[in-house]
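In: quick one, fold the following:
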Amino acid sequence: MRRRALWLLGIATLALLVVLALLDGRMHDAGGPGIIPFELAGSAGRAAEILADWGHDGRAAARLSLWLDYLYLIAYGAFLWLAARAVRDGALRRGWARLARPGGVVAALALAGAACDALEDAFLLLVLGGHGGSVAPPIATGFAVVKFACLAIALLYVLGGLAASGVARLRGAEVRA
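Out: Now for the predicted structure:
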């Protein structure tokens, strides 16, 4: 069941990432940066510069990107949550206590990162709508920084677990050969 969910969420994550990348291209084509510099603008002045650079077409692409990002963060958040739990469970089965120990916290970090992304999107949509004053951009940036940190930890844990599992399989194959 979990394997099927991971596949479906992984495919959904990649498909949404492609759509978001295309929208990012529209922002660049409009004359401004992509969405990540907007997420990390940090100030009302820098956010206003980006909005001016984008013009109407870039702002429309950014708005659509932010709304679609809610689907994306659900997909990648659930994917990373399940993947971290799978790594933890596999480590427990193998008796790898040091790898298993942080698994529950790391899985929660995946969800925390997705939640920060949702809050970041809300503040960025306020900025796009001309609301939020001077506080929305730095708040959005704060949530973006926490999001990136949480997701980096979760991704490194999952990749590290996959690497450890792959090495163990290779060593097991060498012993059997």
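In: now do the helix or strand hosting residue 109: which elements does it pack against?
Out: Residue 109 belongs to helix 103-128 when assigned by DSSP states H and E. Helix 103-128 sits against helix 35-39, helix 44-94, helix 136-176, with contacts defined as 3 or more CB pairs under 8 Å, 6 or more residues apart in numbering; DSSP states H and E. From N, CA and C alone the C-beta is placed, and that goes for glycine too.
In: again, 6 Å this time
Out: helix 44-94, helix 136-176 (3 or more CB pairs under 6 Å, 6 or more residues apart in numbering; DSSP states H and E).
In: what's the strand or helix carrying residue 14 packed up against?
Out: Residue 14 belongs to helix 2-29 when assigned by DSSP H and E. Helix 2-29 sits against helix 44-94, with contacts defined as 3+ CB pairs under 6 Å, 6+ apart.
In: where does pLDDT dip in this structure?
Out: For the chain, applying pLDDT under 70 flags the ranges 173-177.
In: if you set the cut-off to 80 instead, what comes out?
Out: 172-177 (pLDDT under 80).
In: circling back to that earlier point, run the chain-centre distance for the helix holding residue 109.
Out: 8 Å (CA atoms, centre = their mean, to the nearest Å).
In: contacts only, for residue 57.
Out: Residues counted as contacts of residue 57 (CB atoms under 6 Å, 6 or more residues apart in numbering) are residue 30.
In: offset the numbering so it begins at 784, please.
Out: Taking 784 as the first residue, the last one we looked at is residue 840.
In: can you list the helices and strands packed on helix 886-911 in CSV and add distance to residue 792?
Out: Formatted as CSV, those follow (distance: least, CB to CB, whole Å):
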stretch, distance to residue 792
helix 827-877, 4
helix 919-959, 13
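In: all set now, cheers.
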